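1. pasting a predicted model and its sequence here:
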Amino acid sequence: MNPAPGGIALTEKLLNLSLLQKGSMILDVGCGDGDACRFLSSEGYRAIGLDIVRHSSGKMNSERIQGQINAIPILEETVDAVLMECVLSILPTDDGSLTEIIRVLKPGGILLFSDLYMRYPDEELEKNRIDSESDYPKIRLADELLNIFGESGLSVRYWEDQSAVLQSLRLKFLWEGSASENKFPYKMKNIGYICLIAERVSASG
Amino acid sequence: MAHYVNEEDFIHWRCAKCNSELELRKVVVSYLDGSFPVELPVCKVCGQVFIPESLATQKMLEIEQQMEDK
């Protein structure tokens, strides 16, 4: 199953919002075992998965490559869209990943994005996310995310709160006992989930 | 799907309304904004969900407290 909050249902929502044509090439950065890639292929898109870890489980009917998001082994202006689900928050701050994503996107290409976000300013979260040595997710305010994308050359077309999918995943973990709440040193109530669609507006540098 | 209720927890219970036996069925549990499918005892006739006391006072209580950051 797609481990990102919202699973394939949220991937499908992003895909529908993107208005991408069938046959479009979509790069899934941080693809994991390729579940979203399989879904995209089944929907008639050309899917490429990129992950730092080589996963061996599951059959792939789409291409999968191993590599880092800040050094994507793909030529510039190659893909119609990039799918990035619950990945930015676990990347080091300013590691060049967004620049790389814009480089491989065609002009007018689309970013399909979902991730954790901070629902309102929170000193506890703030303290954690600015600690560059921290392994905890870098959780940003929605406005900060929009600014980061804007400054990178991505125009946000649409965004919405999807915190219910995060709460559902949390409820699932708590029922199954498959996640320790102690992994997060801060309260969860301020952490939400956001999905958005952005378009590449600038030429890659 | 998660299931946390054993048959012995509900085999002696019947639905007060229908006097029907219970069976394990998929039920969607919701709390705050989250929802998650689990298997719980349900009346075979009317579908009323039965939550054993042990589940309510232990696991569900713990989950509620964690969901509320208490």
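-> Received, thanks.

2. report the buried residues of the top helix by length along chain A.
-> Longest helix of chain A, by residue count under DSSP state H: helix A:163-176. Buried residues in helix A:163-176, defined by neighbour count with 16 or more other C-beta atoms under 10 Å in any protein chain shown: A:163-175. In short, each C-beta sits where N, CA and C put it, glycine included.

3. alpha carbons only: can I get it in PDB?
-> Listed in PDB are the C-alpha atoms of helix A:163-176, where the atom choice follows Å, rounded to 0.1, in the frame of the first residue of the first chain:
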ATOM      1  CA  SER A 163      -5.600  16.800   7.800                       C
ATOM      2  CA  ALA A 164      -8.300  14.200   8.100                       C
ATOM      3  CA  VAL A 165      -6.100  11.700   6.200                       C
ATOM      4  CA  LEU A 166      -3.300  12.300   8.700                       C
ATOM      5  CA  GLN A 167      -5.700  11.800  11.600                       C
ATOM      6  CA  SER A 168      -7.000   8.500  10.000                       C
ATOM      7  CA  LEU A 169      -3.400   7.300   9.600                       C
ATOM      8  CA  ARG A 170      -2.600   8.200  13.200                       C
ATOM      9  CA  LEU A 171      -5.800   6.400  14.400                       C
ATOM     10  CA  LYS A 172      -4.700   3.300  12.400                       C
ATOM     11  CA  PHE A 173      -1.200   3.300  13.900                       C
ATOM     12  CA  LEU A 174      -2.600   3.700  17.400                       C
ATOM     13  CA  TRP A 175      -5.100   0.900  16.900                       C
ATOM     14  CA  GLU A 176      -2.400  -1.400  15.400                       C
END
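
4. is chain B within reach of that helix?
-> Yes. Under the criterion of C-beta under 8 Å from any C-beta of the partner chain, helix A:163-176 makes contact with chain B via A:163, A:164, A:166, A:167, A:168, A:169, A:170, A:171, A:172, A:174, A:175, A:176.

5. against residue A:50, how distant is the closest residue to residue A:46 other than its chain neighbours?
-> Distances taken as C-beta to C-beta, 6 or more residues apart in numbering or on different chains put residue A:25 closest to residue A:46, at 4.4 Å, once the chain neighbours are dropped. Distance from residue A:25 to residue A:50, counting by C-beta to C-beta, to the nearest Å: 13 Å.
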